[in-house]
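# Give me the fold of what follows.
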Amino acid sequence: DNPGANPGQYVTIKRPLNLVANSVQYNNHIFTIEECERIEQSALKLRKDHYPIQAESILMSMKTGRRFPELCRLQKDFIKWNEKKIIVPKTISKIREDQFITITDEVKEILELVEEQKNRPGFERFNDTPWIFPTIRVLTSNDHSHNYLNSYHTRLKTVTNCFNAIKEGVFLTRDLVSEPGNILHPDEYAKRITKLRKFGLKVIVYDQKKLRKLGMNALLGVGQGSIRGSYLVTIEWNGAKNKSKPLAFVGKGVCFDTGGYSLKPAKFMEDMTYDMAGSATVVGLMKTLALRKAKINAVGVVGLVENMVSGNAQRPGDIVKSYSGKTIEILNTDAEGRLVLADALTFTEERFKPQFIVDLATLTGAIIVSLGSEYAGLFSNNDKLSKQLIDAGESVEEKLWRMPLNENFDKLINSKNADMQNINYVGGAGSTTAAQFLQRFIINKTPWAHLDIAGMAFSKYGGALNSGGATGYGVRLLNKLIEDNYE
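The predicted structure follows:
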């Protein structure tokens, strides 16, 4: 109401004024009422779109109150000022009736980043995202306080980059799982993983010749019926400044699974292109860690094979000697994923001596009978690691349900002709006996968790974050595990 106000004076206005206080450099920009209202409506839309805390932060940061030099803290709830007043910065001698002082360049860019980020597909449910909005100072002509906007702007960009890294990892996982078996066979898969080197990842491919030399006969036996090669690929990220033990993630990569001579039914066999989803999650996770420059050391290990029928394919009744030296009697060639993981787990533990190992596999149909498509099955030898995984899963809506392991289940997979057999023929506890089998290849009691994601990796009906098909399950879960507990 006082267009001729002097610098430092209060100016009483007729309506609540939505603005951000000018910076200490007095780098002012004049915006009309309509433009102020546009910013306010954008913030209100944020609140309506499930970003209540972020919206309140924007709206609160757009309000000034009485004249005081203290920090105007952003609150979750509005502060209702009795008087709506602003302070005239010293570079502005008067305010025209239809214009108000508002937003610096930095704040404007922050709001644009928020607007852009909230519209990104796939991130609508990140309600607990730690968005950081600037703490604003209310300035007078004599106030020479520091401007905090630049530092908070940098932090917001960091959050945005983190989201982009997760998005890229999830989308890579979905793309890999979605490829048909004639396109993404083990040879092609290994080549695609090597392309991750450009992100700073160290990738080593072990081909069949190297695997034979290492004694990985369990893995090689699964792939021996295919004209394609079999591979073990290691992907290393060294983001920690020290030489700490890495976190290890192991994935089953059966690019197509006919079941071998224990042939699967024809109906739905086409879905077996996604039997490599565990490995795809590991590959996507490693890309995410590299893109966001995670401050940890991590290694991903994937076994890539194709389980086919041919004159050279593995037979029921064969006995193979694994990398660990333990022998396995093959009673069912369709219980092949555990054979791939057996060699990969022992190799990972021995070669990298990690803090823990988490393996992922579309391992059993029995886990779908138990948990459907709501939870992945979690089997572990370590309570602490189990709790960390379950908590991370709850945070990102990639849920886990812990299932039992017990030495009494071992008798169901003991063999008269070898150290163990690859399937339980007595019946029952299909997922548990598969996990019990894998546990035998953790030789040095490293904390270990097995995630059976058979019901989660692929969906014909779609869900909250996907429209059907590959889900990318596990990338956000494991990234959250690392963020919350190991960085």
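# Which positions in stretch 434-452 come out as buried?
Buried residues in stretch 434-452, counted by 16 or more other CB atoms under 10 Å: 434-442, 446-452. All C-beta spots, glycine's among them, are computed from the backbone N, C-alpha and C.
# Inside helices: which ones of those residues?
Judged by DSSP state H, these include 434-439 as members of helices.
# longest helix of the protein?
Secondary structure of the chain per DSSP H: the longest helix is helix 149-178.
# Report all helices and strands that that one contacts.
helix 105-118, helix 277-291, strand 469-470, helix 475-485 (3 or more CB pairs under 8 Å, 6 or more residues apart in numbering; DSSP states H and E).
# Would you mark the buried spots in it?
Taking 16+ other CB under 10 Å as the criterion, helix 149-178 shows 149, 152-153, 156, 159-160, 162-174, 176-177 as buried.
# pLDDT (mean, whole number) over it?
For helix 149-178, the mean per-residue pLDDT is 80.
# tell me the angle it makes with helix 475-485.
Counting by axes from the mean of the first three to the mean of the last three CA atoms, to 10 degrees, helix 149-178 lies at 140 degrees to helix 475-485.
# What about N422, how many residues nearby?
Neighbour count of N422, defined by other CB atoms under 10 Å: 27.
# let's number from 45 now, not from 1
Noted, 45 is the first residue going forward, which turns the last one into N466.
# ok so, going back, return the member of the buried residues of stretch 478-496 nearest to A262.
F485 (8.9 Å; CB to CB).
# which ones are touching the closest one?
366, 368, 370, 385-387, 389-390 (CB atoms under 8 Å, 6 or more residues apart in numbering).
# With distance to F453, neighbour count and pLDDT as extra columns, can I get these in JSON lines?
As requested, the contacts of F485 are exported to JSON lines (distance: CB to CB, whole Å; neighbours: other CB atoms under 10 Å; pLDDT from 0 to 100):
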{"residue": "S366", "distance to F453": "19", "neighbour count": "23", "pLDDT": "98"}
{"residue": "S368", "distance to F453": "19", "neighbour count": "22", "pLDDT": "98"}
{"residue": "K370", "distance to F453": "17", "neighbour count": "17", "pLDDT": "98"}
{"residue": "L385", "distance to F453": "17", "neighbour count": "29", "pLDDT": "98"}
{"residue": "A386", "distance to F453": "16", "neighbour count": "26", "pLDDT": "98"}
{"residue": "D387", "distance to F453": "22", "neighbour count": "27", "pLDDT": "98"}
{"residue": "L389", "distance to F453": "18", "neighbour count": "29", "pLDDT": "98"}
{"residue": "T390", "distance to F453": "20", "neighbour count": "22", "pLDDT": "98"}
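# list the buried ones in the helix or strand just after the longest helix of the chain?
Toward the C-terminus, helix 193-222 is succeeded by helix 230-238 as the next helix or strand (DSSP states H and E). Going by neighbour count (16+ other CB under 10 Å), the buried part of helix 230-238 is 230-231, 233-234, 237.
# cool, and stretch 514-531?
Those would be 514-526, 529-530, for stretch 514-531 by 16+ other CB under 10 Å.
# Please apply the same query to stretch 352-370.
Neighbour count says stretch 352-370 has 352-353, 357-358, 362, 364-368, 370 buried, by 16+ other CB under 10 Å.
# what's in contact with it?
Surrounding stretch 352-370, the residues in contact under the criterion CB under 8 Å, 6+ apart are 258-263, 265-266, 268-271, 300, 302, 304-307, 371-377, 383, 386-387, 390-391, 461-464, 484-485, 487.
# Equivalent analysis for stretch 250-263, please.
264, 273-278, 347, 349, 364-367, 372, 383-384, 386-388, 391.
# Where helices are concerned, which of those count?
264, 383-384, 386-388, 391.
# Which of the residues you listed are buried? Put it as a PyMOL command.
Per 16+ other CB under 10 Å, the buried members of the ones in helices among the contacts of stretch 250-263 correspond to this PyMOL selection:
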select buried, resi 264+383+384+386+387+388+391
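# can you redo the ones in helices among the contacts of stretch 250-263 as CSV with distance to P448?
Output for these, formatted as CSV (distance: CB to CB, whole Å):
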residue, distance to P448
L264, 32
L383, 23
V384, 24
A386, 21
D387, 25
A388, 24
F391, 27
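# Just give the nearest non-adjacent residue to F243, would you?
A334 (4.1 Å; CB to CB, 6 or more residues apart in numbering).
# ok, that neighbour touching L240?
Yes: A334 is in contact with L240 according to CB atoms under 8 Å; the separation is 7.2 Å.
# wait, which of the buried residues of helix 230-238 is closest to L415?
The nearest one, if we look at the buried residues of helix 230-238 relative to L415 and count by CB to CB, is Y233, at 27.9 Å.
# can I assume the closest one is in contact with G297?
Yes: applying CB under 8 Å as the test, Y233 and G297 come out as touching, 6.6 Å apart.
# Give the intersection of the neighbour lists for those two.
By CB under 8 Å, 6+ apart, the residues touching both Y233 and G297 are 320, 323, 348.
# Return the member of the residues you listed nearest to L449.
Nearest member of those to L449, counting by CB to CB, is S323, at 23.1 Å.
# How many residues are close by the closest one?
32.
# tell me the pLDDT at it?
As predicted, S323 sits at a pLDDT of 98.
# do the same with Q98
Taking Q98 on its own, its pLDDT is 47.
# Equivalent analysis for K287, please.
Reported pLDDT for K287: 87.
# Same check on V470?
Reported pLDDT for V470: 85.
# That one: what's it in contact with?
V470 makes contact with L456, according to CB under 8 Å, 6+ apart.
# and it, how far is that from D463?
To D463, V470 is 18 Å away according to CB to CB, to the nearest Å.
# just N226 next, same as before
For N226, the distance to D463 - CB to CB - is 37 Å.
# the more surrounded of these two?
Comparing N226 with D463 by other CB under 10 Å, the one with more neighbours is D463, at 17 against 10.
# hang on, that one packs against I372?
Yes: proximity of D463 to I372 meets the contact threshold set by CB under 8 Å, at 7.0 Å.
# Can you classify the residue lying closest to G303 once chain neighbours are set aside by secondary structure?
Closest residue to G303 apart from its sequence neighbours, by CB to CB, 6+ apart: D378 at 3.7 Å. With DSSP: H, G, I helix; E, B strand; the rest coil as the basis, D378 sits in coil.
# Pull the contacting residues for D378.
D378 neighbours (CB under 8 Å, 6+ apart): 301, 303-304, 306-308, 351.
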